[in-house]
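In: no sequence for this one, just the structure:
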Ligand code: GLY
């Protein structure tokens with residue numbers, strides 16, 4: 001019997017077991033459970049999945065703070081939103097505490113010790129298709145669990161309570177949404193290709209909305225973490241299962257790699273923007289640097305007088321993006337490994353000179369480095385939370401692609417990331433998102449791959465007024481930029497700032513991407529200026545909280561219309 005047949009047969013048996021225990025009243029998501037907009041006065045949680053938002057709210061109502069809620073939400077997302085929620089990936093946190101401190105936590109994956117610069121190239125130095133994106137060799141050493149344990153320091157509820165909802169959803173199951181059913185059906189061949197053992201995500205017949213997904217192996221992993229803490233993941237049986245899984249597919253993550261992983265506190269990137277103070281993600285994410293460059297370059301002109309998404313305003317933004325993404329490709333990488341001239345790249349002098357040379361009405365031109373293809377997926381996920389005490393948290397986490405490497409750790413039940421593709425596998429070769437890089441983002445053991453994730457908090461008078469972030473790979477910084485400027489420069493309502501069609505440009509490919517329903521007039525005028533404008537699918541799924549202190553405290557939380565995202569609060 002070949003590998004695929006064994007997996008299919010085992011999956012039929014698992015499906016049978018799964019559906020025989022359906023009597024246990026698993027959670028069902030009704031459309032009425034999905035709140036896209038709430039206005040509350042105490043606290044709010046916005047995530048990619050209604051069960052995660054609900055669990056976060058429960059922790060706040062049990063006496064927890066935003067950190068408690070953030071921990072529970074991440075763990076629940078690892079169960080109910082396995083396309084991006086994770087134990088096997090990584091992410092970043094930006095927080096503003098009730099005492100007025102700004103925090104930054106980096107739990108990005110790292111390259112395993114055995115990784116090396118040309119590991120995805122053949123003997124003629126050509127990239128081997130798919131090697132950095134699919135299967136075991138694409139995985140970086142996961143950081144999420146270490147990140148969660150660093151956050152525990154600021155939380156107050158016991159781990160047993162924080163982990164209970166995730167364990168329950170993994171053990172008893174939850175009913176998948178229509179979008180998840182579509183994803184799982186589409187990715188079935190990938191799961192079969194990348195897994196020898198049966199996985200909970202594959203069943204014989206097609207998935208449909210409302211089907212029950214039970215993940216008993218994942219429940220056991222969560223219980224090991226509950227019992228042993230960090231060691232329940234980075235050592236002992238879970239670590240051994242990861243290494244055993246690696247051996248099935250030429251993966252290189254070792255027990256030592258896992259034991260040595262530690263999430264890192266960093267100094268957030270902070271700067272002023274039009275009487276507000278922005279707190280965002282520094283390297284190893286490019287997100288904060290790009291956001292700062294875009295806000296500063298566009299602030300030299302008067303965007304609001306040009307009009308929201310007018311051709312003039314779009315051209316200014318596109319040309320700023322061209323320059324910011326060219327810098328990303330040339331200079332940015334893990335600051336623990338390469339020296340990055342962040343100060344210069346974000347200085348007024350540099351940015352003013354840089355933006356001054358664009359010609360209004362005439363399209364600029366990126367150099368002729370090989371252009372990439374923009375990849376459309378909901379690979380990453382963002383969480384925005386504010387509590388009643390004034391703690392605000394923005395966390396973006398990722399497996400990279402949707403369902404990461406599609407490799408599920410056998411006996412441990414979680415999906416591993418394919419974050420190695422965020423390195424520049426060869427200078428000028430585009431990654432999944434079409435972005436290129438060079439030496440600064442080359443692979444090296446223990447190095448972190450450059451990210452675009454941009455969890456961001458905007459403060460006014462040292463109080464949080466905006467908590468924002470989104471998935472979307474290389475489109476993340478431009479998406480966060482558009483949301484922030486829609487609110488601050490164009491005084492737009494929070495739901496319009498999130499839901500109106502967005503656009504994106506990233507130097508290479510030299511093409512402007514617009515979402516469906518984008519204004520035809522702007523598209524035509526940009527085309528007349530010489531830009532190549534292409535429509536693509538939705539970009540990102542923004543989770544936004546806006547806080548207005550003018551008449552008491554009014555919190556508006558918006559979950560992006562582009563997915564099953566939901567807001568909860570009180
Ligand atoms: N994997 C997407 C990012 O980190 O930007």
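Out: On my side now, so go ahead. Treat the numbers as computed from the prediction; the structure is a model and nothing was measured.

In: Find the nearest non-adjacent residue to residue 435, please.
Out: Leaving out its chain neighbours, the residue that sits closest to residue 435 by C-beta to C-beta, 6 or more residues apart in numbering is residue 474, at 4.7 Å. Where C-beta positions appear, they are placed from N, C-alpha and C, glycine not excepted.

In: And residue 218, by the same measure?
Out: Of all residues not flanking residue 218 in the chain, residue 413 sits nearest, at 3.4 Å (C-beta to C-beta, 6+ apart).

In: if we can go back for a sec, so who does the residue nearest to residue 435 touch?
Out: Residue 474 sits next to 325, 374, 433, 434, 435, 452, 504, 506 when contact means C-beta atoms under 8 Å, 6 or more residues apart in numbering.

In: how would you label the third one: helix, strand or coil?
Out: Put plainly, it is residue 433. Here residue 433 is coil, with the state taken from DSSP: H, G, I helix; E, B strand; the rest coil.

In: What number of neighbouring residues does it come out with?
Out: Residues lying near residue 433 (other C-beta atoms under 10 Å) number 23.

In: Can you verify my assumption that it contacts residue 473?
Out: Yes: between residue 433 and residue 473 there is a contact under C-beta atoms under 8 Å: 3.7 Å.

In: Residue 291 reaches residue 482, doesn't it?
Out: No: assessed by C-beta under 8 Å, residue 291 is found out of contact with residue 482, at 10.6 Å.

In: what bridges to the residue nearest the centre of the chain?
Out: Residue closest to the mean C-alpha point of the chain, counted by C-alpha atoms, centre = their mean, is residue 380 at 3.0 Å. Using DSSP bridges, the bridge partners assigned to residue 380 are residue 398.

In: Surely it is in contact with residue 472?
Out: Yes: using C-beta under 8 Å, residue 380 is in contact with residue 472, at 6.8 Å.

In: Can you classify the residue nearest to residue 218 by secondary structure?
Out: coil.

In: Contacts only, for it.
Out: Residues near residue 413 by C-beta under 8 Å, 6+ apart: 170, 200, 215, 216, 217, 218, 219, 220, 221.

In: can we see that at 7 Å?
Out: Counting by C-beta atoms under 7 Å, 6 or more residues apart in numbering, residue 413 makes contact with 200, 215, 217, 218, 221.

In: same question, residue 447
Out: Residue 447 neighbours (C-beta under 7 Å, 6+ apart): 110, 111, 334, 337.

In: would you turn these into TSV with secondary structure, distance to the ligand and pLDDT?
Out: Shown next, in TSV, are those (DSSP: H, G, I helix; E, B strand; the rest coil; distance: C-beta to the nearest ligand atom, whole Å; pLDDT from 0 to 100):
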residue	secondary structure	distance to the ligand	pLDDT
110	strand	13	98
111	coil	14	98
334	coil	12	98
337	coil	17	98
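
In: Reformat those as CSV; add neighbour count.
Out: Output for these, formatted as CSV (neighbours: other C-beta atoms under 10 Å):
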residue, neighbour count
110, 26
111, 27
334, 24
337, 17
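
In: Residue 357 - how many residues pack around it?
Out: 9.

In: where does it land on pLDDT?
Out: The score at residue 357 is 86. That number is its pLDDT.

In: Write out the residues of the stretch 351-500 of the chain neighbouring the ligand.
Out: 380, 398, 400, 419, 422, 451, 452, 453, 473 (C-beta under 6 Å from any ligand atom).

In: So how do I select the buried members of these in PyMOL?
Out: Burial among those is assessed by 16 or more other C-beta atoms under 10 Å; the matching PyMOL selection reads:
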select buried, resi 380+398+400+419+422+451+452+453+473
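
In: If you average pLDDT per helix and strand, which one of the chain comes out bottom?
Out: In the chain, no helix or strand scores lower on mean pLDDT, DSSP states H and E than helix 3-20, which sits at a mean of 40.

In: Tell me the gap between the helix or strand following that one and the middle of its chain.
Out: Next along the chain after helix 3-20, taking DSSP states H and E as the criterion, comes strand 37-40. Once both centres are worked out by C-alpha atoms, centre = their mean, to the nearest Å, strand 37-40 turns out to sit 24 Å from its chain's centre.

In: Partner strands of strand 37-40 and their direction?
Out: When DSSP bridges is applied, strand 37-40 pairs with strand 554-559 (antiparallel).

In: Please enumerate residues in contact with the strand it pairs with?
Out: By C-beta under 7 Å, 6+ apart, strand 554-559 touches 36-41, 44, 46, 386, 494-495, 498, 543-548, 565-567, 569.

In: returning to that earlier point: and of the contacts of residue 447, the nearest to residue 157?
Out: Nearest to residue 157 out of the contacts of residue 447 is residue 110 (C-beta to C-beta; 29.5 Å).

In: That closest one contacts residue 140, correct?
Out: Yes: look at residue 110 against residue 140 with C-beta atoms under 7 Å: they come within range, at 5.9 Å.

In: Which residue does the stretch 301-450 of the chain have closest to the ligand?
Out: Of all residues in the stretch 301-450 of the chain, residue 400 sits closest to the ligand, at 4.0 Å by C-beta to the nearest ligand atom.

In: do the same with the stretch 101-250 of the chain
Out: The minimum distance from the stretch 101-250 of the chain to the ligand, using C-beta to the nearest ligand atom, falls at residue 108 (7.6 Å).

In: List the residues that contact that residue.
Out: By C-beta under 7 Å, 6+ apart, residue 108 lies in contact with 90, 92, 143, 284, 448, 451.

In: and those residues, which of them are in strands?
Out: 90, 92 (DSSP state E).

In: Take the contacts of residue 108 and lay them out in TSV including distance to residue 117 and pLDDT.
Out: TSV is the format used below for those (distance: C-beta to C-beta, whole Å; pLDDT from 0 to 100):
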residue	distance to residue 117	pLDDT
90	21	98
92	25	98
143	22	98
284	17	98
448	15	98
451	19	98
